[in-house]
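Chemist: Give the three-dimensional model of this entry:
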Amino acid sequence: MGIIRKKARIGIVTIGHRLYWSQFPGLEEELKGYGRQFEQIIEGYEVEIVSAGFVDDMATSFTAAEKLKNSDLDLLFCYLSTYVTSAVATGVITNAEVPTVLVALQPRHALDYANTTTYMQLVNDNVCALPEVSGVLLRTGKPAAGMVVGTLNEDPRARRELQEWCRAASVKRAFKRSKIGYLGHTYEGMYDMHSDPTAFTASFGSHVQMLEMCDLAKMVHSATKQQINDKLDEIHSVFEIAEPYIDPITRLVKPEDLEWAAKVAVGMDRLIVEQNLVGMAYYYRGLDGNEYERIASNMTLGNSLLTGKGVPLAGEADLKTCAAMMIMDRLGAGGSFSELHPCDFHDDIVLVGHDGPHHVNISDGRPIIRGLDLFHGKSGSGIGVEFSIKAGPVTLLSISQNQDGSYRLIATEGESIKGAIPRTGNTNTRCNFNRGTAEFVESWCMAGPTHHFALGVGHVNSQLKKTASLMNLELYIV
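Modeler: As a prediction, the model looks like this:
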């Protein structure tokens, strides 16, 4: 199945100062050229560009604002090409009504001091108006979402910052006017999992689509033999089948187990498409081995494949962690459904994992599937997915709620360390957090996260700060 990722819509406006044009012939054309160069840089980040062109007085400012306001933007880059008045810049920004990043990238790394002219200074005067514009935006109650300062060429830091803002805008776009499924009910007794769909929509912009097990069962029953065979081929191409281990709950992966898991996976694929979902939180207890129990207990395999394709699936009906997985995926970090497992105080690591679903694209090697006679704490039996995520930098992201119901992102960065993990049919990653393990666990838990979180590759706190700014969410870094 093909997953369509919505591209962020990025507005770009270049600001100039009309009074300079008659004084310095050629300056207007040169600055417009730098504005077009900036647009070309942003076009390289897989986003959709809406250009408002070059603005240099109040009339063009208001015209640009009207175009941008009607363009359904996720983010606006305001490129200050030289010194500009705050009136012209804020005339666009305050009327466009979209989170704005002020950009001041001068063409030269430094002036040629022995040969500097006023013309040369004005060409490189990008930062001159930055405090003026920023201060006025604060006074109007519409502060800039951020700033990017540097040079237009050969500036890795500035390019990285711009790309991170585009990724943050892609997160915002992923939630906007999207449907996230909610199938079944929250795992019994997990108060931290409970979510108010209306509050979720208000904060993230997504509709929570309520689903029943009969919706999924219908899709499973309608799976064709060819679809099941194709899914089996996909499973064999992605996973390695493991023998039972010393854990008495592990067993052989039986052909009938694998075929049933493939059939359920086909049903899940079809449910996602039929309901037009970008993600889903799910849990269903089942009873006495009935059909719904057999379906619910065999969703991990197919849902791990879906999660790897950019459709996050969160078990135990954890809607908040589904959102965290979406954020991490759109930032390019993956985002596997996880919780804290036992610590290794000898090696100063904590095991991080879960019984699923998992982001198979960030597995360190081919993920393994094991037969399981039971899923601890849950009904049913079937197939478990087991792997560690790639060694190297990692980020944990939890989404919790404050006493007033507002949402809070909680994040920390660490390292995934290669080494032995339990062979229990669950994911487990050996993580070190650059401090004592006990100190990390204490500080993480004191921040008030949900007990589930999204585990992703790379250090993405910088991108999470930008995402929180664009989506008006609180971010707490542990």
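Chemist: Hmm, residue 28 is touching residue 19, no?
Modeler: No: checked against CB atoms under 8 Å, the pair residue 28 and residue 19 is beyond contact range at 11.0 Å. C-betas here are computed from N, CA, C, even on glycine.
Chemist: Which one of these two is surrounded by more residues?
Modeler: Summary of the neighbour comparison: residue 28 and residue 19, criterion other CB atoms under 10 Å, with residue 28 having more neighbours (19 against 12).
Chemist: what helix or strand does the nearest residue to that one once chain neighbours are set aside sit in?
Modeler: Leaving aside its chain neighbours, residue 28 sits nearest to residue 21 (4.5 Å; criterion: CB to CB, 6 or more residues apart in numbering). Per DSSP states H and E: residue 21 is located in helix 19-23.
Chemist: and that helix, average pLDDT?
Modeler: Over the span of helix 19-23, the pLDDT mean works out to 98.
Chemist: which residues are in contact with that helix?
Modeler: Applying CB atoms under 8 Å, 6 or more residues apart in numbering, the contact partners of helix 19-23 are 27, 28, 56, 82, 122.
Chemist: Try it again at 6 Å.
Modeler: Counting by CB atoms under 6 Å, 6 or more residues apart in numbering, the neighbours of helix 19-23 from elsewhere in the structure are 27, 28.
Chemist: same check, this time on stretch 414-426
Modeler: So stretch 414-426 is in contact with 245, 247, 349, 353, 355, 370, 372, 384, 386, 388-389, 391-392, 394, 428-433, going by CB under 6 Å, 6+ apart.
Chemist: Also stretch 134-150?
Modeler: 86, 90, 94, 99-105, 158, 161-162, 469-470.
Chemist: Out of the residues you listed, which two sit at the greatest distance?
Modeler: In these, the most distant members under the criterion CB to CB are 94 and 158, with 25.2 Å between them.
Chemist: With neighbour numbers in mind, choose between these two.
Modeler: Neighbours of residue 94 and residue 158, each counted by other CB under 10 Å, are more numerous for residue 158; the result is 19 against 16.
Chemist: any idea how far that one is from residue 268?
Modeler: When CB to CB, to the nearest Å is applied, the distance between residue 158 and residue 268 equals 42 Å.
Chemist: Ok, residue 39 next?
Modeler: Relative to residue 268, residue 39 is positioned 40 Å away (criterion: CB to CB).
Chemist: Have a look at those two and say which one is more surrounded.
Modeler: Here residue 39 and residue 268 are set side by side on neighbour count (other CB under 10 Å), and the busier one is residue 268, at 28 against 17.
Chemist: Tell me which residues touch the closest residue to that one other than its chain neighbours, please.
Modeler: Excluding its sequence neighbours, the residue lying closest to residue 268 (CB to CB, 6+ apart) is residue 302, at 4.8 Å. Residues in contact with residue 302, defined by CB under 6 Å, 6+ apart, are 264, 265, 268.
Chemist: Confirm that residue 302 sits in a helix.
Modeler: Yes: counting by DSSP: H, G, I helix; E, B strand; the rest coil, residue 302 is part of a helix.
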